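A.B. asks: whatever this is, show me its structure:
(chains A and B)
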Amino acid sequence: MKSLVVKVKRFDGSKTWWQEYKVDISSEKISVLDVLIKIKEEQDPTLAVRYSCRMAICGSCGMVINGIPRLACQTLISELGDSKIIVEPMWNHKVIKDLVVDLEPDFEKVKAVKPYIICDTKEIYEKDVEFGQRPEELEKYYNFAYCIQCGLCMAACPVVASHERFLGPMALNAAYRWSADSRDQGWKERAKIIDREEGVWSCHLAYTCSAVCPRGVDPGFSIQLLKAALIRRTKKP
Amino acid sequence: MEILKYDLLIIGSGIAGLRAATAAAWASGGKISIAILSKIQAMRSHSLSAEGGMSAVLYPEKTNDSLELHAYDTVKGSDFLADQDAVQVLVEYAPKEVRYLERIGVPWTREPDGRIAQRPFGGMSIPRTTFAADKTGFFIMSTLFSETRRFDNIHVYHEHFVTKFIIENGEFRGVTAYDLKRGEFKFFYAKAGIIATGGAGRLYRFTTTAHSTTGETLAYALREGIAIKDMEFVQWHPTALVPSGILVSEAARGEGGYLINKDGERFMKKYAPQKMELAPRDIVSRAILTECMEGRGFQHESGMCYVGLDLRHLGEEKINKRIPFIRELAHKYAGIDALSEPIPVRPAVHYTMGGIHTDTWGRVLTADGKWVRGLWAAGEAAAVSVHGANRLGSNSLSECSVWGRLTGEQAAKYVLEQPPLSSPDGKVVEIAKKEEARVFDKLLHKEVNAPMPYEVKRQLNDIMEEHFGPFRHGSAMAEGLAKLKKLRDISSYRVVDSSKVYNQNLKDALEVDGMINLALVIGVGAYARTESRGAHYRLDYPKRDDVNWLRHTVAYLYGGEIKLTYTPVTITKWQPEERKY
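C.D. replies: As a prediction, the model looks like this:
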């Protein structure tokens, strides 16, 4: 049996405070999310944590753990190498309660870049055919399609921190993913949306977004690919 | 209490719900207003944990596959409890849906010539499982969610927990929901609804399903006179990671993985000599548990018995290309590298074959077979029924997409035929207000002597694991039923959190409150069914009994008690035969 001290930054709508919990665990091979659920169910049901799949694919449980934005379900106690755990809500987001932040502004930014195949929509809905795609065409955007919209890149981005209108890594990565898809014809439309100060040009290449991405998406790189396509005026990024 | 008016409400945001939304948006020419209500953030539904793939006959001329063969495999897999007319709809529409998903941008894994690749899966006689590496569910989910953004008439309500369906005079009128983020109670008044809330894996402790897969909406439906069909058929997926229960996709075996016991023996040769590891899930799960009971399993430090899923002979390239997520999950959560060690696995609850009683087109029915006008159900929440007593792997993504589309199209048509929505009458507003009082005044009121929802859920999980597992027995189930009835007598919960904004404690209590009733439906149905069929296996009745039990269980609520009635299975082509693999 090992004893952990978990320090959680809390917020109840009006005040913020730090609260400490002592938790006994029998194995270190459990995640920070497991520990938070244990606190919730056994000590303090008022603690608010967003979670669902517990296997690092749904994107619910982004938070800052010991100073680094990460998914709680993907962070094992054994990896932290410390019996003191400090948990706070994701930076750069409005806190709703405790560890739960408002991600809807992020989702709206993604929506703004038109994250879907742009072509004659009738072709999609009324023709029962395959558009087709060769493996090398798939490779062009595949890694960027792994985004789970957890918001960690937005939490880690130093530009997002001070520039509210900046589209940010999550939305810009989506702009690249969809434009680079061989089935898509929307680059011209999306280029107008991102070729602005609030678009790609505010990115200062800190690459913290790529450093914290739990799915290895590398939004920092997709933003540079977008910039290159804009500067070279290519037909497709 | 805010009142919102919509033409169509979709409750649930997994593949079925999202597909229903895009189908309805297109079919109505953008003319109807659609709301998607999700109890979590809409892009995070449990469909995204599906790994292996989606079944469809895509290139019959190249592969010698046929719709008939897909239908037969599905019917045989179901242990002949599937309705064969519904299965026909599944196999006919599945290829269309794979192509639709292709056109909206799903990154299907491809053959060198650009065709969509397919892999073998359990119980399928030909490779027909279409996939996007081993994150198929994730890619379909994220692409479909993105696709909803195309339509201005689709409004997404994240983190709106539905507490009640409002049905008056046999007609759907709307739902009430608790908006967690704003801490408000809302009445969504509507012409039509589609229930697409998924399964109920969390009734059990050891499960592959997400924490949110709790199934309370099925119990809420039961309260309003809707029937639940075939709920006793619960699927155990053979290979869940020990000790967490995280899914290790059937794709691992589809790509050639072996199952071995502690003597290093490929034990499936004793249970399914032809299909081996690719027998249907009910058979493989029982085989693993039998190995364990007979002392040939490995022992985990947590006390769990497990077997090895051996991928070593597949080689690094194939593993990294086709099943990279499995390697990642095994490394992260079991601390092993699949290249050099077998993965520790055992069966875990994965899927509920049963669900809301519907007809072939997804229309929601009462126990006497009447359509609740304006209401449909799709996906795992519904029992159409195409899976019967046991679902074949990769048929669920097809089912969700097919019936999402079909119900969405029907609902759009229905809505356009109705007069415009006026204001709700006093009676339904009164019902909604009463519900608000129940949730915010009664449940939020601190009952100091009542049990915590978490304690009740723990007991519920214990009962289900102990009394309604993969090997069932009449006397054990009778004991389990008595325990469940005691739990049901709990009329209030101790909700410690008294705030309205993001009160998860209250949400958890609402979930558990529904889960107990749904567990009872499973228990009552399983106890009554004195045979073994598909996933429902009874030690005291080990044989299938087509004379008495080739029929669907239909459960409904009457005077507060769960009653059962039965409906016939639709057989069009295939008479029941012995099920051997």
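
A.B. asks: now do the strands in chain A.
C.D. replies: In chain A, the segments counted as strands under DSSP state E are A:2-11, A:16-25, A:62-65, A:68-71, A:84-88, A:95-97, A:100-101.

A.B. asks: out of these, which one sits most buried?
C.D. replies: strand A:62-65 (a mean of 26; mean count of other CB atoms under 10 Å in any protein chain shown). All C-beta spots, glycine's among them, are computed from the backbone N, C-alpha and C.

A.B. asks: so what are the domain limits for the chain?
C.D. replies: Picked chain A for this. According to the TED database, chain A comprises the domains A:2-101, A:103-232.

A.B. asks: not what I meant, chain B
C.D. replies: B:235-350, B:427-568.

A.B. asks: so which helix or strand takes in the residue nearest to B:Met477 when sequence neighbours are not counted?
C.D. replies: Of all residues not flanking B:Met477 in the chain, B:Tyr527 sits nearest, at 4.5 Å (CB to CB, 6 or more residues apart in numbering or on different chains). Following DSSP states H and E, the helix or strand that holds B:Tyr527 is helix B:504-528.

A.B. asks: now for that helix, which elements pack on it?
C.D. replies: In this structure, helix B:504-528 makes packing contacts with strand B:160-168, strand B:171-179, helix B:216-223, helix B:453-467, helix B:474-488, strand B:551-558, strand B:561-568, judged by 3 or more CB pairs under 8 Å, 6 or more residues apart in numbering or on different chains; DSSP states H and E.

A.B. asks: that one versus strand B:171-179: what angle between them?
C.D. replies: 140 degrees (axes from the mean of the first three to the mean of the last three CA atoms, to 10 degrees).

A.B. asks: residues in contact with the residue lying closest to A:Phe131 once chain neighbours are set aside?
C.D. replies: Closest residue to A:Phe131 apart from its sequence neighbours, by CB to CB, 6+ apart: A:Arg183 at 4.6 Å. For A:Arg183, the contacting residues are A:117, A:119, A:131, A:133, B:103, B:105, by CB atoms under 8 Å, 6 or more residues apart in numbering or on different chains.

A.B. asks: give me the neighbour count for residue 181.
C.D. replies: This is for chain A. As a burial measure, A:Asp181 scores 26 neighbours (other CB atoms under 10 Å in any protein chain shown).

A.B. asks: that answer is for a different chain, and I need it for chain B
C.D. replies: Neighbours around B:Lys181, by other CB under 10 Å: 17.

A.B. asks: repeat that for B:Pro568.
C.D. replies: Around B:Pro568 there are 9 other residues, counting by other CB under 10 Å.

A.B. asks: and what of A:Asp184?
C.D. replies: Using other CB under 10 Å: A:Asp184 sits among 20 other residues.

A.B. asks: could you measure from B:Val156 over to B:Gly17?
C.D. replies: Per CB to CB, to the nearest Å, B:Val156 is found 10 Å from B:Gly17.

A.B. asks: burial-wise, tell me which of the domains of chain B comes out on top.
C.D. replies: domain B:235-350 (a mean of 20).

A.B. asks: gap between A:Gly199 and A:Glu41?
C.D. replies: Taking CB to CB, one finds A:Gly199 at 44 Å from A:Glu41.

A.B. asks: more crowded one of those two?
C.D. replies: A:Gly199 (26 against 18).

A.B. asks: list the contacts of that one.
C.D. replies: Residues near A:Gly199 by CB under 8 Å, 6+ apart: A:167, A:172, A:193.

A.B. asks: now those in JSON lines, please, with extra columns for neighbour count, distance to A:Ala56 and pLDDT.
C.D. replies: Formatted as JSON lines, the contacts of A:Gly199 follow (neighbours: other CB atoms under 10 Å in any protein chain shown; distance: CB to CB, whole Å; pLDDT from 0 to 100):
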{"residue": "A:Leu167", "neighbour count": "28", "distance to A:Ala56": "25", "pLDDT": "98"}
{"residue": "A:Leu172", "neighbour count": "30", "distance to A:Ala56": "23", "pLDDT": "98"}
{"residue": "A:Ile193", "neighbour count": "17", "distance to A:Ala56": "30", "pLDDT": "98"}
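
A.B. asks: save those residues as a markdown table, and put in distance to B:Ala251 too.
C.D. replies: Putting the contacts of A:Gly199 into a markdown table (distance: CB to CB, whole Å) gives the following:
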| residue | distance to B:Ala251 |
| --- | --- |
| A:Leu167 | 36 |
| A:Leu172 | 32 |
| A:Ile193 | 37 |
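
A.B. asks: which of the residues you listed are close to chain B?
C.D. replies: Residues of the contacts of A:Gly199 in contact with chain B (CB under 8 Å from any CB of the partner chain): none.

A.B. asks: wait, doesn't B:Trp108 sit right on B:Arg115?
C.D. replies: No. Using CB atoms under 8 Å, B:Trp108 is not in contact with B:Arg115; the gap is 9.3 Å.

A.B. asks: more neighbours, the two?
C.D. replies: Set side by side, B:Trp108 and B:Arg115 give different neighbour counts by other CB under 10 Å, the larger being at B:Trp108 (25 against 16).

A.B. asks: can you tell me the closest non-neighbouring residue to the more buried one?
C.D. replies: Nearest non-adjacent residue to B:Trp108 (CB to CB, 6+ apart): B:Ile116, at 4.6 Å.
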